[in-house]
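Undergrad: Here's a sequence, model it:
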Amino acid sequence: MQVRGGKGAALMDGNQRGIGKLQGDAVMKSITLLTSKRVAEMLSIPEGTLRYWRATGIGPVWHKLEGSIRYDESDVSRYVEKNRRIPSVRAFMEDLDGSQ
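TA: Alright, predicted model coming up:
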């Protein structure tokens with residue numbers, strides 16, 4: 001396996017080019033890995049917040065590869081979706097009639 005560079009790196013074997021590759025009956029797909037800096041930018045938070053989240057066991061799932069912290073793009077998306085909140089009815093009604 002090798003990690004390819006760029007803003008997000010893809011984890012692939014030597015012959016794979018970002019598309020599925022058949023290996024037996026299973027289809028292997030590429031994984032887009034992101035740096036802490038890139039994830040912090042995506043979430044609009046300081047990198048220190050990600051460090052704190054890792055230390056306390058909250059936040060998106062992360063991987064440590066050869067001493068480098070990386071986040072799978074799909075894990076970050078899943079974390080954001082999992083934490084989606086629906087506004088309260090009161091806030092919705094205030095937006096409709098412009099009152100506060």
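Undergrad: use CA for all of it now, contacts and neighbours both
TA: Will do.
Undergrad: Show me where this protein has its strands.
TA: Taking DSSP state E as the criterion, the chain contains strands spanning 2-3, 8-12, 21-23, 26-28, 31-34, 63-65, 68-72.
Undergrad: ok, how many other residues are close to residue 71?
TA: Under the neighbour criterion other Cα atoms under 10 Å, residue 71 is assigned a count of 22.
Undergrad: can I assume it is in contact with residue 38?
TA: No: proximity of residue 71 to residue 38 does not meet the contact threshold set by Cα atoms under 8 Å, at 9.3 Å.
Undergrad: In the chain, what helix or strand scores lowest on average pLDDT?
TA: Least confident element among the helices and strands of the chain, by mean pLDDT, DSSP states H and E: strand 2-3 (a mean of 44).
Undergrad: Could you measure from residue 67 over to residue 75?
TA: Using Cα to Cα, to the nearest Å, residue 67 is found at 19 Å from residue 75.
Undergrad: okay, those two: which has more neighbours?
TA: It is residue 75, of residue 67 and residue 75, that has more neighbours when counted by other Cα under 10 Å, with 15 against 7.
Undergrad: Roughly how far does residue 75 sit from residue 38?
TA: Relative to residue 38, residue 75 is positioned 14 Å away (criterion: Cα to Cα).
Undergrad: An error on my part: the question was meant for residue 29.
TA: As defined by Cα to Cα, residue 29 lies at a distance of 22 Å from residue 38.
Undergrad: With residue 93 instead?
TA: With the distance defined as Cα to Cα, residue 93 ends up 36 Å from residue 38.
Undergrad: so residue 34 bridges to which residues?
TA: The residues paired with residue 34 through beta bridges, assigned by DSSP bridges, are residue 8, residue 71.
Undergrad: Touching, it and residue 68? I think so.
TA: No: using Cα under 8 Å, residue 34 makes no contact with residue 68, being 10.6 Å away.
Undergrad: What is the burial count for residue 62?
TA: Neighbour count of residue 62, defined by other Cα under 10 Å: 19.
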